[in-house]
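Enquirer: I would like the atomic coordinates for the input below:
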Amino acid sequence: MKGLFVMNLRLKTIVYVGILSAVASVLMIFPHFPIFPAPADFLDVDFSDVPALLASVTINPVAGVIVVLIKNLFHLLQTKTFAVGELSNLILGSVYALSVGILARYTFKKTLMKKKLFFVLPIAVIAVIITAALSNFFIVLPFYAKFMPALAEVFGKFEFILTWIVPFNLIKASLQAVVFYLLYRGVGPYVTKNMTHYR
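Expert: Purely as a prediction, here's the structure:
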């Protein structure tokens, strides 16, 4: 009987992660919109990390990373960035999901989750910004500078990170945090209750 119960929970978890991954894949395509003019008009805001954050908090951090991975694998089918954009999204989305999931699980244990997220989300946003600066400096911008020489003057400068990358990720991660928090208030406790024994 216990084995059947555990199997049922695992099946529910797989289905739940699959649904969130599908939603994240769609949100990675639409809606998305730029917030800066050229040369940074390729920096689009989307809300595809919101399902990953929901999985990370209601199931566990690994589930959140799985959602991030699946949506980026799906997006590879139509990539326009030689997979560098997807790699960057995978890194930042994973850091976001892990930060929120781990902090929500192991800190402020006597605090209700809805209140806890007020502390957790800003810390996670900062983690995303720092990771974005480092990954762009060492991976993303050098790639574009090497394989797209015409853009080297822009992407080869450290100022680009401070001027565009940091503000962009601050805005994007903050918007995602707000949407996630509102979504969690509505459905998070119900999902968490159904997944508690398997977490």
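
Enquirer: Could I get the full set of helices for the chain?
Expert: In the chain, the segments counted as helices under DSSP state H are 2-29, 49-58, 61-75, 84-106, 113-135, 141-147, 152-155, 158-160, 166-195.

Enquirer: Would you mind saying which of those helices lies nearest Phe36?
Expert: Set against Phe36 and scored by CB to CB, these come closest in helix 166-195, at 6.6 Å. For the C-beta atoms, the positions are set from N, CA and C on the backbone; glycine is no exception.

Enquirer: Show me what that closest one packs onto, helices and strands only.
Expert: Counting contacts by 3 or more CB pairs under 8 Å, 6 or more residues apart in numbering; DSSP states H and E, helix 166-195 packs against helix 2-29, strand 44-46, helix 49-58, helix 84-106, helix 113-135.

Enquirer: Walk me through which strands the shortest one pairs with, and which way each runs.
Expert: For strand 44-46, the pairing partners within the sheet under DSSP bridges are strand 32-34 (antiparallel).

Enquirer: who's in contact with the strand it pairs with?
Expert: With CB atoms under 8 Å, 6 or more residues apart in numbering as the test, strand 32-34 has contacts from Ala40, Asp41, Phe42, Leu43, Asp44, Val45, Asp46.

Enquirer: Buried among the residues you listed? Make that a ChimeraX selection.
Expert: The ChimeraX selection below is limited to those of those classed as buried (16 or more other CB atoms under 10 Å):
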select :40,43,45,46
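
Enquirer: from the contacts of strand 32-34, which single one is nearest Val26?
Expert: Ranked by distance to Val26 (CB to CB), the contacts of strand 32-34 are led by Asp46 at 10.0 Å.
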